[in-house]
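Visitor: Predicted coordinates and the sequence they were generated for:
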Amino acid sequence: MSRAAREAWGRWAESVAAWSLRLRGYRIVARRFRTPLGEIDLVARRGRLLAFVEVKARGELEQALLALSPRQRQRTARAAELFLLRRPDLAGYTLRFDLVTVRPWRLPRHLADAWRLS
């Protein structure tokens, strides 16, 4: 698969994940938040909860879970810190790191609190 095709597939998966979260009562605060330190696919809010969401589009659930490496978790956490610095209005919220897996011909799977900062 070419780079352009992978990027289009990733954008589609992020749109599906955002749609799925909206149906669960979340409001999407940011999409594709990029910094030199890392990237966050989606930032979603529900009540006083702020979820930093990593989206993985893979054929199997196990592949998606394995693709979330410790390095990527660390980069996401750093990007979350920068996001909160830019959005001080959200600083008092409860923070959580979630994973949404998107697989062909299946409903997206939302794994709330997929990992914690160590």
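Guide: The structure has been received and is ready for your questions.
Visitor: any idea how far S69 lies from A8?
Guide: 23 Å (CB to CB, to the nearest Å). Every residue, glycine included, has its C-beta placed from N, CA and C.
Visitor: ok, those two, which is more surrounded?
Guide: More crowded of S69 and A8, by other CB atoms under 10 Å: A8, with 12 against 9.
Visitor: Please enumerate the helices of the chain.
Guide: 3-23, 61-67, 70-86 (DSSP state H).
Visitor: and M1, how many neighbours?
Guide: The number of residues near M1, taken as other CB under 10 Å, comes to 8.
Visitor: got the contact list for it?
Guide: W9 (CB atoms under 8 Å, 6 or more residues apart in numbering).
Visitor: can you list the weak-confidence ranges in the protein?
Guide: 118 (pLDDT under 70).
Visitor: ok, now with 80
Guide: 59-61, 118 (pLDDT under 80).
Visitor: Using JSON lines, lay out the helices of the chain together with distance to E54.
Guide: As requested, the helices of the chain are arranged in JSON lines below (distance: least, CB to CB, whole Å):
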{"stretch": "helix 3-23", "distance to E54": "9"}
{"stretch": "helix 61-67", "distance to E54": "9"}
{"stretch": "helix 70-86", "distance to E54": "6"}
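Visitor: Which of the ones you listed sits closest to A112?
Guide: For the helices of the chain, the distance to A112 is smallest for helix 3-23, at 10.4 Å, taking CB to CB.
Visitor: Please state the offset of that closest one from the chain centre?
Guide: 11 Å (CA atoms, centre = their mean, to the nearest Å).
Visitor: which helices and strands does that helix pack with?
Guide: If contacts are counted by 3 or more CB pairs under 8 Å, 6 or more residues apart in numbering; DSSP states H and E, helix 3-23 sits against strand 27-35, strand 38-46, strand 49-57, strand 94-102.
Visitor: and these, which is most packed in?
Guide: strand 49-57 (a mean of 22; mean count of other CB atoms under 10 Å).
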